[in-house]
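Engineer: Dropping the sequence and predicted coords here.
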Number of protein chains: 2
Amino acid sequence: MLLVIALGGNAFAREGARVGSPEEQWDVVRLAASDVADMIEEGFDVVVTHGNGPQAGLLAERVGDYLSLDMIDAATEGWMGYLIANALTNEFIRRGIRRNPVVVISRSIVNKNDQAFQNPTKYIGPIYDREAADKLSKERGWVFKWDSRGGFRRVVPSPEPVGIMELDLVKLLLREGYVLIAMGGGGIPIISNGDVKGVDAVIDKDLASQVLANAINADYLLILTDVDYVYINYRRSSQARLMEVTVNELEKYYNDGQFPPGSMGPKVLAAIRFIRNGGRAAYIGPLGRAKDIIRGRIGTKVMPGITLI
Amino acid sequence: MLLVIALGGNAFAREGARVGSPEEQWDVVRLAASDVADMIEEGFDVVVTHGNGPQAGLLAERVGDYLSLDMIDAATEGWMGYLIANALTNEFIRRGIRRNPVVVISRSIVNKNDQAFQNPTKYIGPIYDREAADKLSKERGWVFKWDSRGGFRRVVPSPEPVGIMELDLVKLLLREGYVLIAMGGGGIPIISNGDVKGVDAVIDKDLASQVLANAINADYLLILTDVDYVYINYRRSSQARLMEVTVNELEKYYNDGQFPPGSMGPKVLAAIRFIRNGGRAAYIGPLGRAKDIIRGRIGTKVMPGITLI
């Protein structure tokens, strides 16, 4: 039974999507490692994916003059992949699990004609005033849009992931029994067109996780984040938590605009696509509670739309 | 025939060990990829290693408040590994070489009793005045020493690499025909003592490359850098280039203090150790000229000390 666990990038950060100190990073990653080890003890083969929003934002802000976004993605795959690998090694030693983690530096293939390249929408990095934004726009060719929090923020394309360059490698390592850490930050965005070329873009990590999960015929997709359940009518008097939901129901809610684009939207969409492409169940719930989520004690379970008579 | 190619971190940077623009980084890495492809066409199986001095220095300077040195090493393994992998993919497509590159995020094991931890000697990052150095020393626990260029610079331990956590993985990927990119920046420094723990240190990439090369029984070690030959009596009237040298001769020169610790010293030491541990030949020469080096047209060749009668 193959399980893909997607760890939220925000889960690795402090309040306000800020990266924590080295010690704080290790604390969070230990929690994630415990979830992964729990799932292995439950009998699953596991592939771990992770986001990189706060981490990529930090690097873009501080070293964006030297590293384009594809390079930044690659750097966070190394950095965060190492954190997860080291924490897993220790958790496996502690529990006597005879498995080894491996970080797969993953390149996600995107379509060069993806509409996202014409219409960058994904905010990254800090908020600037008009003058600073104009300066950066001239110096580095960055595109800025107004952010409702009061200022200008860089926007980058967020194209759809359509494949993964390292798929054969991932399959080999799975056959050999490794616990994989792959598709970090959604994978490094690559256009493949005779040759391969990195692009200044950010791929949604939940959608990339789903593409990987279906490509390796995973049975389950578990998205760990900072919420207990997926809600409909969120923060209204009619708010309701979704405990178990069929893919058909969830898709209706999704099309009704129940889930905001920047946060729960892509998670729900990833769950829908995963089931539509053959997955057995997708779960969305809180980091640190994987076992409880799988057992139905917390979190939202998305299932194929089976008609019961 | 197995060949380890060690790429200098400085070779990836501009004059003065500064990281170049994204475009400049791609230009250099294309040169390295051409060397690697040449060697594959010559019939070698290839493992690529690389340094990260300028890149790690940049990250330590800009994001050292968030990333400890082990994390920085991991980030540069992702960043530079991606650059090399993408350039190799393109070079292989262009030449019709049916091989795939893979980046191995590598953890190097060091000994917790290594004397280097008591006596940090490796300079990293920029030069500070006394006040700034004192402040950073208090805030982050960094150790500073006087740098002869006029100011204080952070010094970190540079312990000896004694093993590699990912050795089984490396052997598997070699058997499967992948072109490996491993031990970037000398590998992430890890103390293994029941559990594993990253340490604030920097491992010499040439020594780490040698440890890997011997561990996988490589036949040849090729160290590519920015010199044409190894010299004795460098910059003196008696200066002489070494074209072919036995390990015994070279060790004598090394023990005479012919090679400066920060630059040629570790390369020569890596070559000596590689031969002493069973390597057939080690080469030190300029990036972009791998084929000429192997054919004896440029560069220094180090051989086992065979007595000719």
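Structural biologist: Sure, I can see it. None of these values were measured; they are calculated from a predicted model. Numbering: from 1, shown residues only, chains lettered A, B, ... in the order given.

Engineer: Contacts made by the worst-scoring helix or strand of chain A on mean pLDDT with the rest, please.
Structural biologist: Across the helices and strands of chain A, mean confidence by mean pLDDT, DSSP states H and E is lowest for strand A:13-14: a mean of 72. By Cβ atoms under 8 Å, 6 or more residues apart in numbering or on different chains, the residues outside strand A:13-14 that reach it are A:19, A:20, A:24, A:53, A:54, A:55. In this view, the C-beta of every residue, glycine as well, is placed from N, C-alpha and C.

Engineer: just checking: which of the residues you listed also lie near chain B?
Structural biologist: Residues of these in contact with chain B (Cβ under 8 Å from any Cβ of the partner chain): A:19, A:20.

Engineer: what helix or strand does the residue in chain A positioned nearest to chain B sit in?
Structural biologist: Here the residue of chain A nearest chain B is residue A:78; by Cβ to the nearest Cβ that distance is 2.3 Å. Here residue A:78, judged by DSSP states H and E, is contained in helix A:69-95.

Engineer: Return the mean pLDDT over that helix, rounded to an integer.
Structural biologist: Across helix A:69-95, pLDDT averages out at 98.

Engineer: circling back: quickly run through the sheet partners of the very next helix or strand once past the least confident helix or strand of chain A, with directions.
Structural biologist: Once strand A:13-14 ends, the next helix or strand along the chain (criterion: DSSP H and E) is strand A:18-19. Strand pairing for strand A:18-19, determined by DSSP bridges: strand A:13-14 (antiparallel).

Engineer: What sits closest to residue A:18 if chain neighbours are left out?
Structural biologist: Counting by Cβ to Cβ, 6 or more residues apart in numbering or on different chains, residue A:54 is the residue found nearest to residue A:18 once chain neighbours are left out, at 6.2 Å.

Engineer: Which elements pack onto the helix or strand where the one you found lies?
Structural biologist: For residue A:54, the host element (DSSP H and E) is helix A:53-63. Counting by 3 or more Cβ pairs under 8 Å, 6 or more residues apart in numbering or on different chains; DSSP states H and E, the packing neighbours recorded for helix A:53-63 are strand A:13-14, strand A:18-19, helix A:69-95, strand A:122-128, helix B:53-63.

Engineer: Now do it against helix B:69-95: the angle between them, please.
Structural biologist: Inter-element angle recorded for helix A:53-63 and helix B:69-95: 90 degrees (by axes from the mean of the first three to the mean of the last three Cα atoms, to 10 degrees).

Engineer: Just the CA atoms of helix A:53-63, as PDB, please.
Structural biologist: Output in PDB follows, covering the C-alpha atoms of helix A:53-63 (Å, rounded to 0.1, in the frame of the first residue of the first chain):
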ATOM      1  CA  GLY A  53       6.600  28.900   0.500                       C
ATOM      2  CA  PRO A  54       8.200  30.600   3.400                       C
ATOM      3  CA  GLN A  55      11.600  29.200   2.700                       C
ATOM      4  CA  ALA A  56      11.600  30.200  -1.000                       C
ATOM      5  CA  GLY A  57      10.300  33.600   0.000                       C
ATOM      6  CA  LEU A  58      13.200  34.100   2.300                       C
ATOM      7  CA  LEU A  59      15.800  33.100  -0.300                       C
ATOM      8  CA  ALA A  60      14.000  35.200  -3.000                       C
ATOM      9  CA  GLU A  61      14.200  38.200  -0.700                       C
ATOM     10  CA  ARG A  62      17.800  37.800   0.400                       C
ATOM     11  CA  VAL A  63      19.600  36.200  -2.600                       C
END
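
Engineer: Give me the angle between that helix and strand A:122-128.
Structural biologist: Computed by the same axes, to 10 degrees, the angle separating helix A:53-63 from strand A:122-128 equals 50 degrees.

Engineer: circling back: what's downstream of the helix holding residue A:78, the next helix or strand?
Structural biologist: Scanning onward from helix A:69-95 (DSSP H and E), the first element met is strand A:101-103.
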